[in-house]
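Chemist: Predicted structure and sequence below. I'll ask about it afterward.
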Amino acid sequence: MGDHHHGPAKGLSRWLFTTNHKDIGTMYLWFSFAMFILGGFFAMIIRAELFQPGLQLVDPAFFNQMTTLHGLIMVFGAIMPSFVGLANWMIPMMIGAPDMALPRMNNWSFWILPPTFLLLASTLFMEGGAPAAGWTFYAPLSTTYAPPSVTYFIFCIHVLGLSSIMGSINIIATVMNMRAPGMTYMKMPLFVWTWLITAFLLVAVMPVLAGAVTMMLMDVHFGTSFFSAAGGGDPVLFQHVFWFFGHPEVYIIILPAFGVVSQIIPAFSRKPLFGYDSMVYATASIAFLSFIVWAHHMYTVGMPVAGELFFMYATMLIAVPTGVKVFNWITTMWRGALSFETPMLFCIGFLVLFTIGGFTGLMLSIAPADFQYHDSYFVVAHFHYVMVAGAVFSMSAAVYYWLPKWCGRMYNETMGKTHFWISFIGFNLTFFPQHFVGLAGMPRRIPDYALQFADFNMMSSIGAFIYGASQILFLYNVIATIVAGKPTSEEKVWDGAEGLEWTIPTPAPYHTFETPPKIDPAHAHS
């Protein structure tokens, strides 16, 4: 395409019309980081307001718009596109394919995202402001009581769903049809497996979200009553439809993170991943179970006890395959030749903190207990231990791990480790106290709070600003690496990191052990 252009347009058209999976992966990664900064800025507004009791900085209505857009932009704009970018970059190389199966569609599925999120952010400047119903946009707040901008919001959801479905079809087609000879399914790197399963989840649930927002559109503009009790509808129907999408969605976010960790921990343990097959089966089990647990988000709507029991047991069951994964990662490190470069630090941070998020999730699965936890800051703490310590930490690990491969230059290891420790401390300072205020009864999504929560909220806000600042350090390190990093060779990407030499594992089936050397019986007991 670039051959036909001359002058300044050539650089632009390379990115606009590219069908190269690496270019598209790069654009996804930069776009998702921009959204991460924007969503983080909204979170800073929330934490600044909550720094002390009382109403000081923003109007309560604007505060609610911030909680809504922070969640939506982080989930759909930052985390999901970042892992799609990773998939685009790595999957073809990991399976030995020349590119993605559908490269033109790949270009489109990226380029519809930036205008969509521009439109979503622009709802802030529309009459009545952005929708203020939370990232879960429950009816009737999102229908009967929504500002006019809700129509644009619905359109944005449709388009980003379209992008996700196209990206997923592309990944499925690539993995199923374009593996190199000899690359059987059970020899694929774990990251490829987790994304293949994630892609099927996306194709299954994105139309459900589309259905939910279409019913909203009908209620708002065409006189239907899907979610209006006055017309014979039911607001609880919205919750059922939304969470039938929403629960698989949170697994869509975390499964690629599991894949990343399953690549990096073996590399820094200098030994193969323990229990490769069980990791694949565990991922598939989690994906299946994610469809039959949705109503644990709605224990408090008054469903029959039998329903609560079913959803309680089904939810508790997810702890089993997830536990298998955690034990496999720990066993991989067990007696390995460990080294603690930045990607490994982020993976160990992931392991510790994600497990805490898993335990609080188990607490939330218990129906009678959840009556106390529901819509409190305890849920906020749990969710962020899974989303931030789970998805964002593993994404940071992935960038540090593969950046030398992407640009042929080594990042500053000291700065990377500094980023990790500031992130780790800032994150825990932000979200650990929220467990306490939540158990003590502080409700989420409210701009003011009772005096007894003041100290923990101040800690939380200070932690949030520390965590936010650490991401600017990360941005600096990445740019400095690309512009002026020390050149490296692909064979010895990590040469010079604390005097170590090791190679990025190739897509070989490195979950199988080589045959051990034969021991001469004569020297066996010497």
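Modeler: Perfect, thanks for sending it.
Chemist: what residues are up against E49?
Modeler: L55, Q56, L57, V58, F63, P447 (Cβ atoms under 8 Å, 6 or more residues apart in numbering). C-betas here are computed from N, CA, C, even on glycine.
Chemist: Show me which helix or strand of this protein is least confident by mean pLDDT.
Modeler: Using mean pLDDT, DSSP states H and E, helix 9-16 stands out as the lowest-scoring helix or strand of the chain, at a mean of 86.
Chemist: Just the CA trace of that one, in CSV.
Modeler: Presented in CSV, the C-alpha positions along helix 9-16 are these (Å, rounded to 0.1, in the frame of the first residue of the first chain):
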residue,chain,number,x,y,z
ALA,A,9,1.2,10.6,3.7
LYS,A,10,3.4,7.5,3.5
GLY,A,11,4.0,7.4,7.2
LEU,A,12,0.3,7.9,8.0
SER,A,13,-1.0,5.4,5.4
ARG,A,14,1.3,2.8,6.8
TRP,A,15,-0.7,2.8,10.0
LEU,A,16,-4.1,3.6,8.5
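Chemist: buried set for the helix or strand following it?
Modeler: Where DSSP states H and E defines the elements, the next helix or strand beyond helix 9-16 is helix 21-49. If you call a residue buried by 16 or more other Cβ atoms under 10 Å, then helix 21-49 has these buried ones: 21, 23-29, 31-33, 35-36, 38-40, 42-47, 49.
Chemist: M176: neighbour count?
Modeler: If you count neighbours by other Cβ atoms under 10 Å, M176 ends up with 11.
Chemist: Now the strand or helix carrying it: average pLDDT?
Modeler: Following DSSP H and E, one finds M176 within helix 150-177. Per-region confidence: helix 150-177 scores 98 on mean pLDDT.
Chemist: I'd like to know which elements it is packed against.
Modeler: When contacts are defined as 3 or more Cβ pairs under 8 Å, 6 or more residues apart in numbering; DSSP states H and E, helix 150-177 packs onto helix 80-95, helix 103-111, helix 113-122, helix 190-221.
Chemist: Among the contacts of E49, which one lies nearest to T151?
Modeler: F63 (22.8 Å; Cβ to Cβ).
Chemist: Now that closest one, what are its backbone angles?
Modeler: Backbone torsions of F63, given as degrees, to the nearest 10, read phi -60, psi -40.
Chemist: Could you do G275 as well?
Modeler: Main-chain dihedrals, G275, degrees, to the nearest 10: phi 70, psi 50.
Chemist: That one: what's it in contact with?
Modeler: G275 neighbours (Cβ under 8 Å, 6+ apart): V324, N328, T331.
Chemist: Need the pLDDT of it.
Modeler: In this model, G275 carries a pLDDT of 97.
Chemist: how much space between it and V220?
Modeler: Separation of G275 from V220 (Cβ to Cβ, to the nearest Å) stands at 50 Å.
Chemist: Spatially, what comes nearest to F346 if we skip its sequence neighbours?
Modeler: Nearest residue to F346 in three dimensions, chain neighbours excluded: A397, at 3.5 Å (Cβ to Cβ, 6 or more residues apart in numbering).
Chemist: Could you do L429 as well?
Modeler: G463 is the one closest to L429 (Cβ to Cβ, 6+ apart), at 2.9 Å.
Chemist: contacting residues around that neighbour?
Modeler: G463 neighbours (Cβ under 8 Å, 6+ apart): I425, G426, F427, N428, L429, T430, F431, P433.
Chemist: just the buried members of the residues you listed?
Modeler: The buried subset of the contacts of G463 - by 16+ other Cβ under 10 Å - is G426, F427, N428, L429, T430, F431, P433.
Chemist: I'd assumed L353 was in contact with the second one.
Modeler: Same thing as F427. Yes. Between F427 and L353 there is a contact under Cβ atoms under 8 Å: 7.3 Å.
Chemist: Give me the common contacts of the two.
Modeler: In contact with both F427 and L353: A389, using Cβ under 8 Å, 6+ apart.
Chemist: which SS state does the nearest residue to I292 once chain neighbours are set aside fall under?
Modeler: Distances taken as Cβ to Cβ, 6+ apart place A314 nearest to I292, at 5.0 Å, with adjacent residues excluded. A314 falls in the helix class when you classify it by DSSP: H, G, I helix; E, B strand; the rest coil.
Chemist: Could I get the pLDDT score of A314?
Modeler: pLDDT, read off for A314, is 98.
Chemist: Can you verify my assumption that it contacts S290?
Modeler: No. Here A314 does not reach S290: they are 9.8 Å apart, not a contact under Cβ under 8 Å.
Chemist: which of the two has more neighbours?
Modeler: S290 (22 against 18).
Chemist: Could you give the separation of the helix holding M176 from the chain centroid?
Modeler: Relative to its parent chain, helix 150-177 has a centroid offset of 16 Å by Cα atoms, centre = their mean, to the nearest Å.
Chemist: Just the buried residues of that helix, please?
Modeler: Result for helix 150-177 [16+ other Cβ under 10 Å]: buried residues 150-154, 156-172, 174-175.
Chemist: before we move on, what about stretch 89-99?
Modeler: Buried-residue list, stretch 89-99, by 16+ other Cβ under 10 Å: W89, M90, I91, P92, M93, M94, I95, A97, D99.
Chemist: Quick one: mean pLDDT for the host helix or strand of H240?
Modeler: In this structure, H240 sits in helix 235-269 according to DSSP H and E. Helix 235-269 comes out with an average pLDDT of 97.
Chemist: cool, and stretch 19-34?
Modeler: 98.
Chemist: which stretches of the stretch 401-526 of the chain have low pLDDT?
Modeler: 489-526 (pLDDT under 70).
Chemist: the helices in it, which residues?
Modeler: 413-439, 454-484 (DSSP state H, counting those that start in this stretch).
Chemist: packing partners for the shortest one?
Modeler: What that stands for is helix 413-439. helix 342-365, helix 367-373, helix 377-386, helix 393-407, helix 454-484.
Chemist: Select, out of the ones you listed, the one closest to A204.
Modeler: Comparing the helices and strands packed on helix 413-439 under Cβ to Cβ, the one sitting nearest is helix 377-386, at 20.7 Å.
Chemist: How far away from the center of its chain is the closest one?
Modeler: Taking Cα atoms, centre = their mean, the mean C-alpha location of helix 377-386 is offset from the chain mean by 14 Å.
Chemist: now for that helix, which elements pack on it?
Modeler: By 3+ Cβ pairs under 8 Å, 6+ apart, helix 377-386 packs against helix 342-365, helix 413-439.
Chemist: still on that earlier bit, which of the helices of the stretch 401-526 of the chain sits most buried?
Modeler: Highest mean neighbour count of the helices of the stretch 401-526 of the chain: helix 413-439, a mean of 20 (counted as mean count of other Cβ atoms under 10 Å).
Chemist: got the angle between it and helix 377-386?
Modeler: 160 degrees (axes from the mean of the first three to the mean of the last three Cα atoms, to 10 degrees).
Chemist: Before I go, just wanted to say thanks for your time.
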